[in-house]
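Novice: the sequence and its predicted three-dimensional model are supplied below.
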Amino acid sequence: MNTRYIPLIGCLLGGNGGALATTLELDRQIVSAPAVESDTIAQMARYGSKIEVVEREQIERAGPSADITRVLQMFVPGLYVAPKQGPFDYGTYSLLGGRNDDTLIMLDGVRLNNRLYGGIYIDTLPAAAIERIEVLKGGQSLLFGTQAVSGVINIVTRNARSREASGQVNLGVDSFAGRNGDARIERIFSNGFGDLGLLAYVSHNISEGYQPYRSSAISATVSDRKRSYEVNTFGAKATQGFGDDSRLELFYQYSAASLDFLRPDANRNTTNDRVQQIATATFQQHLNEHFSYFVKGHMNDWDTRYNRVYNTSVGGIEVKNHNDYWGFSDWGVQAEGEAVLPGGHTLVFGSDNQWFKGKDDVLKIDQNQAEAHALYLQLRPEIAALPDWHPSIGVRREHLSGGDSATVGMFTSLYDLTDNLKLRGQFGSAYKLPNAEQLYVNEPGDEMGNPNLKPEKSRNAELGLDYSNLLDGQPWSVSATLFHRRIEDLITLVDTQWVNGDGEITVRGFELDGKVQLDDRWQLQADMTRNLSESRNGATINNIPGFFARSRVGYESADRMWGAGAAIRYIGSVESPRGIDYGHYSVVDADAYRYLDLQRQHRLALLLENLLDRDYTTSMDSGSRRVGNLGRPFTAEARYTYSF
């Protein structure tokens with residue numbers, strides 16, 4: 001049975017929990033199990049890919065009503081995140097200069113990007129259910145397939161860790177009449193097979209929201225001006241160990257949400273009423289010291305009813321959409337094996353299969369079913385003459401029904417120059433399969449699909465240095481990454497027709513980040529990213545900042561009973577598809593917490609978001625008037641936590 005070492009107090013805003021926390025050996029345990037599938041991303045970091053991990057302590061700092069979008073915005077160097085209209089809304093994402101759908105989002109290894117529109121939908125995932133977030137940077141199509149062009153974000157859910165019934169209750173409020181609460185309970189039991197870990201959680205978030213448009217941009221016929229939301233989620237996880245060699249995991253989450261979808265003209269009431277269900281089943285086994293494998297099945301079902309009612313200029317109402325459906329279902333099965341060969345070489349091989357169907361009553365799509373099947377292979381050699389060099393090489397072949405196939409290869413390398421200095425690099429190709437909209441949409445005069453589209457391909461290269469050491473007995477580290485990406489067969493809309501454009505786009509840039517423990521109480525962390533893109537034959541990419549930077553400072557008392565932190569982020573030029581630059585702004589956040597008892601069962605936390613009440617634009621509305629969606633104004637959030 002594994003004993004878990006858990007930090008009593010995590011790091012301050014944006015920091016590393018291990019660097020600041022005092023650790024004690026607690027009587028908490030997790031179910032005995034092999035870790036094949038769950039170690040995939042960590043293994044890639046050992047062979048030259050850059051990984052960032054957001055720990056549980058950081059997630060708790062993101063705010064009482066935090067969704068995953070806000071957590072990512074606060075804590076991941078090199079990742080630009082701009083929520084459209086506040087919490088539980090779609091967002092714009094850019095990792096290492098990538099576009100919104102160039103990053104693959106996964107939940108426990110299951111993709112959440114859908115094949116209907118290719119977008120990223122994580123706005124109904126409760127932060128309270130998340131153990132950590134792993135961000136793997138650079139082209140990663142070899143092991144993860146389509147859309148892993150600029151990186152992978154894997155959201156890892158929590159596991160039961162205690163043999164006694166334990167859990168947590170959170171209650172929060174914010175200055176926009178928002179109310180939120182969540183609860184979690186867990187326990188490990190023993191049975192005739194081994195250890196059984198059970199965990200269940202619920203969450204509730206509701207708010208009147210804020211006005212996401214400037215008053216001057218809202219027409220006189222608009223009556224609903226605040227973007228409200230209500231999100232309710234239930235989830236459960238069961239982990240059954242079979243001795244120390246095998247493990248079965250079952251996960252299920254149900255979310256129901258009613259989300260305003262505001263417009264600056266004529267809007268009376270526009271809502272997405274949504275139900276999303278996610279289920280996974282994973283079996284892992286270590287047969288012996290030379291071979292292990294996992295088999296995973298998943299289901300992601302999304303059903304939305306769309307309602308849109310307008311006010312007319314003469315005082316009446318016009319129903320544009322009533323209970324119109326849009327949604328998708330995604331099923332998949334993946335199997336992966338890891339074999340240790342003579343000489344210590346490791347061979348990873350697998351099969352990844354996905355079946356998808358979707359429908360949209362608003363945007364007409366003629367054909368709503370597709371499937372994709374892939375085989376992949378990766379070799380991680382051990383070279384006795386170069387013990388400090390850790391390379392890997394691999395290939396993947398994927399075929400999409402109704403479309404073309406894609407073949408990609410990847411080479412990675414990590415070299416230990418010294419105990420403190422690491423040189424890493426990776427070079428390879430990635431791909432993005434066309435989604436259902438691009439293949440089959442049928443809106444004459446507005447948008448037409450193309451079933452003959454080829455996958456979009458890219459060649460990717462990343463080179464980086466990582467250095468860590470002690471300064472006056474305190475840890476500090478710095479990391480630098482250069483990246484270069486060339487995109488071919490760009491899938492783009494020309495007039496009303498989806499095509500593979502003749503243009504070729506080159507994206508390049510660099511990322512620099514560092515953190516330093518100033519003393520036992522103070523920590524400082526900062527990062528910056530520069531993106532440069534070049535286009536040919538009119539092909540271009542938009543909504544990606546040319547430059548952005550963040551800095552965070554944190555303080556904890558000597559007894560770790562209270563702490564505070566502050567952060568500032570600056571966003572440089574961001575250009576919309578219509579050539580409007582809506583960037584150039586800074587936002588300041590602050591937070592504090594206080595434990596009310598020595599046992600640390602009762603805690604109060606405060607978050608002040610957009611402390612200076614800066615008026616800034618997160619994205620441009622797609623309508624004809626070029627109206628900007630505003631980021632969240634000054635917001636105060638308070639939360640009480642009881643742990644048992």
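Specialist: Structure received.
Novice: going by C-alpha atoms from here, please, whenever you check contacts or count neighbours.
Specialist: OK.
Novice: name the element the closest residue to residue 189 other than its chain neighbours belongs to?
Specialist: With sequence-adjacent residues excluded and distances taken as C-alpha to C-alpha, 6 or more residues apart in numbering, residue 189 is closest to residue 196, at 5.1 Å. Residue 196 belongs to strand 195-207 when assigned by DSSP states H and E.
Novice: work out for me the element the closest residue to residue 509 other than its chain neighbours sits within.
Specialist: Leaving aside its chain neighbours, residue 509 sits nearest to residue 531 (4.6 Å; criterion: C-alpha to C-alpha, 6+ apart). Using DSSP H and E, residue 531 sits in strand 522-534.
Novice: quick one: mean pLDDT over that strand.
Specialist: Average pLDDT, strand 522-534: 93.
Novice: residues contacting the residue nearest to residue 189?
Specialist: 31, 188-190, 238-241 (C-alpha atoms under 8 Å, 6 or more residues apart in numbering).
Novice: identify, from those, the entry nearest to residue 181.
Specialist: For the contacts of residue 196, the residue nearest residue 181 by C-alpha to C-alpha is residue 238; the value is 23.0 Å.
Novice: skipping adjacent residues, who's closest to residue 204 in space?
Specialist: residue 232 (4.6 Å).
Novice: just checking, that neighbour touches residue 201?
Specialist: No. Counting by C-alpha atoms under 8 Å, residue 232 stays clear of residue 201, with 10.9 Å between them.
Novice: ok, what's across the strand from the residue nearest to residue 189?
Specialist: Per DSSP bridges, the residues bridged to residue 196 are residue 189, residue 240.
Novice: thinking again about what came up before, mind listing what's buried in the strand holding residue 196?
Specialist: Neighbour-count burial for strand 195-207 flags 195-207 (criterion: 16 or more other C-alpha atoms under 10 Å).
Novice: likewise stretch 174-193?
Specialist: Neighbour-count burial for stretch 174-193 flags 174, 176, 178-189 (criterion: 16+ other C-alpha under 10 Å).
Novice: kindly report the same for stretch 417-435.
Specialist: Quick answer for stretch 417-435 (16+ other C-alpha under 10 Å): 421-435.
Novice: again, but for stretch 318-325
Specialist: 321, 325.
Novice: pLDDT below threshold where in the chain?
Specialist: Applying pLDDT under 70 to the chain flags residues 1-38, 63-66, 114-116, 118-121, 124, 365-368, 402-404, 503, 536-539, 622-624.
Novice: apply 50 and report the result again.
Specialist: Applying pLDDT under 50 to the chain picks out residues 1-30, 32-36.
Novice: in three-state terms, label the residue positioned nearest the centre of it for me.
Specialist: For the chain, the residue nearest the mean C-alpha position is residue 153 (4.5 Å; C-alpha atoms, centre = their mean). Using DSSP: H, G, I helix; E, B strand; the rest coil, the secondary structure recorded for residue 153 is strand.
Novice: and it, what does it touch?
Specialist: Here residue 153 is in contact with 103-106, 133-136 (criterion: C-alpha under 8 Å, 6+ apart).
Novice: just flag the most distant two among these.
Specialist: It's 103 and 133 that sit farthest apart of these, by C-alpha to C-alpha, at 14.0 Å.
Novice: which one of those two is surrounded by more residues?
Specialist: residue 103 (29 against 25; other C-alpha atoms under 10 Å).
Novice: bridged to the more buried one, which residues?
Specialist: residue 151.
Novice: mind checking how far it is from residue 154?
Specialist: Residue 103 sits 10 Å away from residue 154, taking C-alpha to C-alpha, to the nearest Å as the criterion.
Novice: also residue 278?
Specialist: 15 Å.
Novice: reformat the buried residues of stretch 174-193 as CSV; add distance to residue 325 and secondary structure.
Specialist: As requested, the buried residues of stretch 174-193 are arranged in CSV below (distance: C-alpha to C-alpha, whole Å; DSSP: H, G, I helix; E, B strand; the rest coil):
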residue, distance to residue 325, secondary structure
174, 33, strand
176, 30, coil
178, 28, coil
179, 29, strand
180, 28, strand
181, 30, strand
182, 29, strand
183, 32, strand
184, 33, strand
185, 35, strand
186, 37, strand
187, 40, strand
188, 41, strand
189, 43, strand
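Novice: for these, which one is nearest residue 317?
Specialist: residue 176 (28.2 Å).
Novice: hmm, back to that, CA-only coordinates of the strand holding residue 196, as PDB, when you get a sec.
Specialist: Written as PDB, here are the backbone C-alpha positions of strand 195-207 (Å, rounded to 0.1, in the frame of the first residue of the first chain):
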ATOM      1  CA  ASP A 195      -9.000  -2.200  -2.100                       C
ATOM      2  CA  LEU A 196     -12.100  -0.300  -3.300                       C
ATOM      3  CA  GLY A 197     -11.900   3.500  -3.300                       C
ATOM      4  CA  LEU A 198     -15.200   5.400  -3.600                       C
ATOM      5  CA  LEU A 199     -15.600   9.100  -4.200                       C
ATOM      6  CA  ALA A 200     -18.600  11.300  -4.900                       C
ATOM      7  CA  TYR A 201     -19.000  15.100  -5.400                       C
ATOM      8  CA  VAL A 202     -21.700  17.700  -6.100                       C
ATOM      9  CA  SER A 203     -21.400  21.300  -7.000                       C
ATOM     10  CA  HIS A 204     -23.800  24.200  -7.600                       C
ATOM     11  CA  ASN A 205     -23.000  27.600  -9.100                       C
ATOM     12  CA  ILE A 206     -25.500  30.400  -9.800                       C
ATOM     13  CA  SER A 207     -25.000  34.100 -10.500                       C
END
